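>>> Everything below, folded, please.
(one chain, ligands or ions: 1)
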Amino acid sequence: MEQHLPRQLLELIKYISEQAVRHEQRVYLVGGIVRDLLLEDPSLRSGLRFDVDLVVEGDAVRLAQQVADTGQAKLLAHHRFGTAKLSYGDFTLDMATARKETYARPGALPAVTPGTLKDDLIRRDFSINAMAISLSSHDYGELVDPHQGKTDLERHLIRVLRTESFSDDATRILRAVRYEQRLGFELETQTARLLKRGTAMLDTISGDRIRHELELVFGEEQPELAIRRLAKLGVLHRISPFLKGDGSIAERFGKARRLKRPTQLPSLYFCLFIYAFGESELGQFLGHLNMPAKLSHAMRDTLRLKNTLWLLDRSSLKPSEVYYLLQEYDTLAIEANAIASESSMVHRYLQLFLTKLRYVRTSLNGEELKRLGISAGPEMGKVLQILHKARLDGEVNTKADEKKLALSLSLES
Ligand code: ATP
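Sure, this is the predicted structure:
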């Protein structure tokens, strides 16, 4: 921890640990951060990974409140279910009361009661995510690893803790593949068998939860690896029979990364993910996954534009014609089509729109046109449109050119 965690975060963790001792509670670092510490993941040191989870044997909300009362950190939120969020400098930290979970039926959300650290670790998805590091002063830094997660890290294996793991919560199917591909690991033999048998259980979980897991996949550095693997395992087909994970996805996702900043990539990946769909198949998919309205709109536009691309497959189009064909579409849809289109001519037009045409503006504004004697209302609208078109086509290049054209138009009318 000393070697891999940023100083500020260590200070906060130590402070919480002191408070815990004072109030006779035990605190542990848990989950992904423990896994990444053991992997000596360099992104920890840089502080890029802000996801820090603590488990408290006792009462996490009370402990978080006690820490906040001393003024060392700020309590951002707390919940009835024993979870609290603290912030300190650049970091936020999630604290949760150790919990025990039981599943009434597959796919249902679990019933939760307070428990011990051991209860809290056994409810977790995979052995490599079910380790903890003690933060109590008498055994500070000691690894708690009841499910041999460290051995699995060394053997590069993703292993579930219980045979019912995937049927209790089928989101773990997507999570298993995400970690497997991110870390370059393999599904342990029995886990792979259980996963394949469990794919039907994807039908038991809500579309929202599937969408959330896909969003996490699309947050990975190379999501196409997980997508290809999910396709091979028959998981994609279970989510929608029209989803494909073939080579074209890898090629398109790679191009997307050259085009977009990381925070904007997941939405573009979604548009590329459904590129082979028909419009009615997309409708079903969006409904099933309860996609947010803005992204649904971009995905629908992606297919609408795909079906109109032939209009752009002509060498003689003027820039203004390209502009009027494309202006009504969501930018994401244009980007997705620029990536996926096989015609170099279409690609060139889409790129021209994205890099240039969509930014073209007239220099003259309404006030200036009024001063030239053009009255506000439909006449001005028409003049502005003609000026904009002339700008797009390079027929006017300066404000003076625009003035001349505007005056000639007002003389005509
Ligand atoms: P990442 O690097 O992807 O953020 P993480 O391990 O921090 O990994 P989170 O999704 O933040 O992942 O979850 C935190 C921890 O909660 C996991 O390490 C795992 O122990 C547990 N967890 C999350 N989702 C599940 C689940 N569906 N079933 C069981 N345990 C889960």
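
>>> contacts, neighbours, all on C-alpha from now
Noted.

>>> near the ligand, which residues of the stretch 51-200 of the chain?
Residues of the stretch 51-200 of the chain lying near the ligand by Cα under 6 Å from any ligand atom: Arg123, Arg124, Asp125, Asn129, Ala130, Thr171, Arg172.

>>> Let me have these in JSON lines, adding secondary structure, pLDDT and neighbour count as columns.
Below are these laid out as JSON lines (DSSP: H, G, I helix; E, B strand; the rest coil; pLDDT from 0 to 100; neighbours: other Cα atoms under 10 Å):
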{"residue": "Arg123", "secondary structure": "coil", "pLDDT": "94", "neighbour count": "17"}
{"residue": "Arg124", "secondary structure": "coil", "pLDDT": "96", "neighbour count": "19"}
{"residue": "Asp125", "secondary structure": "coil", "pLDDT": "97", "neighbour count": "23"}
{"residue": "Asn129", "secondary structure": "helix", "pLDDT": "97", "neighbour count": "24"}
{"residue": "Ala130", "secondary structure": "coil", "pLDDT": "98", "neighbour count": "27"}
{"residue": "Thr171", "secondary structure": "helix", "pLDDT": "97", "neighbour count": "25"}
{"residue": "Arg172", "secondary structure": "helix", "pLDDT": "97", "neighbour count": "21"}
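
>>> quick one: which two of these are the most distant?
Farthest-apart pair in these is Ala130 and Thr171; separation 16.6 Å (Cα to Cα).

>>> any idea where the strands of this protein begin and end?
For the chain, the strands defined by DSSP state E cover 26-30, 52-57, 74-79, 83-88, 91-97, 99-102, 111-114, 132-134, 143-144, 157-158, 186-187.

>>> got the ones you listed as JSON lines, with mean neighbour count and mean pLDDT columns?
JSON lines is the format used below for the strands of the chain (neighbours: other Cα atoms under 10 Å; pLDDT from 0 to 100):
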{"stretch": "strand 26-30", "mean neighbour count": "26", "mean pLDDT": "96"}
{"stretch": "strand 52-57", "mean neighbour count": "23", "mean pLDDT": "93"}
{"stretch": "strand 74-79", "mean neighbour count": "16", "mean pLDDT": "82"}
{"stretch": "strand 83-88", "mean neighbour count": "20", "mean pLDDT": "90"}
{"stretch": "strand 91-97", "mean neighbour count": "22", "mean pLDDT": "90"}
{"stretch": "strand 99-102", "mean neighbour count": "18", "mean pLDDT": "88"}
{"stretch": "strand 111-114", "mean neighbour count": "14", "mean pLDDT": "84"}
{"stretch": "strand 132-134", "mean neighbour count": "23", "mean pLDDT": "97"}
{"stretch": "strand 143-144", "mean neighbour count": "19", "mean pLDDT": "98"}
{"stretch": "strand 157-158", "mean neighbour count": "25", "mean pLDDT": "98"}
{"stretch": "strand 186-187", "mean neighbour count": "18", "mean pLDDT": "98"}
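
>>> of all those strands, which lies closest to Ala390?
Closest among the strands of the chain, using Cα to Cα: strand 91-97, at 52.2 Å.

>>> Sheet partners, orientation included, of that closest one?
Partner strands and pairing direction for strand 91-97 (DSSP bridges) are strand 52-57 (parallel), strand 83-88 (antiparallel).

>>> Out of these, which is closest to Lys389?
strand 83-88 (52.2 Å).

>>> Contacts for that closest one next, please.
9, 12, 60-61, 64, 68, 72-78, 92-97 (Cα atoms under 8 Å, 6 or more residues apart in numbering).

>>> Make CSV out of the residues of the stretch 51-200 of the chain next to the ligand and add distance to Ala336.
Below are those laid out as CSV (distance: Cα to Cα, whole Å):
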residue, distance to Ala336
Arg123, 40
Arg124, 37
Asp125, 34
Asn129, 35
Ala130, 39
Thr171, 27
Arg172, 29
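
>>> quick one: which of the residues you listed is nearest to Lys382?
The closest of these to Lys382 turns out to be Thr171 (Cα to Cα; 54.8 Å).

>>> Could you pull up the residues touching the closest one?
By Cα under 8 Å, 6+ apart, the residues touching Thr171 are Leu202, Ile205, Arg209, Ile210, Glu213.

>>> give me that answer again for 10 Å
The contact partners of Thr171, by Cα atoms under 10 Å, 6 or more residues apart in numbering, come to 107, 125, 165, 199, 201-202, 204-206, 209-214.

>>> What of His237?
Thr199, Leu230, Ala231, Leu243, Lys244, Gly245.

>>> From what I see, Lys313 and Met345 are in contact.
Actually, residue 313 is Asp. It isn't Lys. Yes: judged on Cα atoms under 10 Å, Asp313 makes contact with Met345 at a distance of 6.1 Å.

>>> min pLDDT across the contacts of His237, which one?
Among these, Gly245 carries the lowest pLDDT, at 82.

>>> how close does it sit to Ala276?
11 Å (Cα to Cα, to the nearest Å).

>>> if you count what's nearby, which of these two comes out ahead?
Legend: neighbour count by other Cα atoms under 10 Å for Gly245 and Ala276, higher for Gly245 (19 against 15).

>>> Does that one touch Leu230 like I think?
Yes: if you go by Cα under 10 Å, Gly245 and Leu230 touch, sitting 7.5 Å apart.

>>> joint contacts of those two?
Common contacts of Gly245 and Leu230 (Cα under 10 Å, 6+ apart): Glu224, Leu236, His237.

>>> Next, find the distance separating the second one from the ligand.
To tie it back to what came earlier, the one meant is Leu236. Between Leu236 and the ligand the distance is 18 Å, computed by Cα to the nearest ligand atom, to the nearest Å.

>>> Then Asp139?
To the ligand, Asp139 is 22 Å away according to Cα to the nearest ligand atom.

>>> got the contact list for that residue?
Taking Cα under 10 Å, 6+ apart, we find Asp139 in contact with Ile133.
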